[in-house]
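Q: show me the folded form of this:
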Amino acid sequence: MYQNIMFAAVVLILLLVAQRVYNTWQKEKTRKPAASAKRGAPRSRQTNAMSAQPFHCVTLVGNCKALESYKGKRFLASNAPTLPVPGCTAGRCECHYTHHADRREPNTDRRALGRLAEEQYTLTGNAERRESRGRRKSDGGWASIDEWSNVV
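A: This next block holds a predicted model:
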């Protein structure tokens, strides 16, 4: 009888140890980030740039013949070709990225040209069709400021 009790105790201890090891293993799988990551440990440079400026872009600069097809083109930082570009024959590539805050080039906003065409359309006697009521039954046309103040 004493042997049966000892056998049961050993089996129980082994089961408890196995359960403890299993629980520890499960915790390691779903482990939370380290405290340094919570405090804002440095992330990759590209991730920081993308979060601060979502349209951060780069241009490729260099005298390499392989760069000729990339001259004057801006790429989002995440989509930029890696350096050295394919076809580069230089032993040590001197090409580099130039960073820009926005993919659009300065002074190339062409929206004003469209507004000029709109004004010419109405000045020549054509009706402004956007002022009419919409096609939906619930559409009351352009909402006035008074209507919006009631909604809020």
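
Q: end to end on stretch 86-103, go ahead and measure it.
A: Chord length of stretch 86-103, first to last residue, is 23 Å (C-alpha to C-alpha, to the nearest Å).

Q: actually, stretch 81-88.
A: Taking C-alpha to C-alpha, stretch 81-88 runs 13 Å from one end to the other.

Q: quick check, residue 89 in a strand?
A: No. Assigned with DSSP: H, G, I helix; E, B strand; the rest coil, residue 89 falls outside any strand and is coil.

Q: pop the domain breakdown of the protein in here.
A: Structurally, the chain divides into domains by automatic domain parsing as follows: 1-28, 56-100.

Q: the protein: helices as residue ranges?
A: Along the chain, the segments classed as helices by DSSP state H run 2-29, 35-38, 45-52, 111-123, 145-151.

Q: before we move on, back to that, most neighbours per residue, which of the domains of the chain?
A: Of all these, domain 56-100 carries the top mean neighbour count, a mean of 14, counting by mean count of other C-beta atoms under 10 Å. (C-beta placed from N, C-alpha, C; glycine too.)

Q: hang on, the earlier thing: can I get the domains of the chain in JSON lines including mean pLDDT and distance to residue 125?
A: JSON lines is the format used below for these (pLDDT from 0 to 100; distance: least, C-beta to C-beta, whole Å):
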{"stretch": "domain 1-28", "mean pLDDT": "88", "distance to residue 125": "76"}
{"stretch": "domain 56-100", "mean pLDDT": "86", "distance to residue 125": "42"}
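
Q: what's the closest of these to residue 121?
A: Across the domains of the chain, residue 121 has its closest neighbour in domain 56-100 (33.1 Å, C-beta to C-beta).

Q: first-to-last residue distance for the closest one?
A: In domain 56-100, first residue to last residue: 6 Å (C-alpha to C-alpha).

Q: same check, this time on stretch 71-83
A: Chord length of stretch 71-83, first to last residue, is 14 Å (C-alpha to C-alpha).
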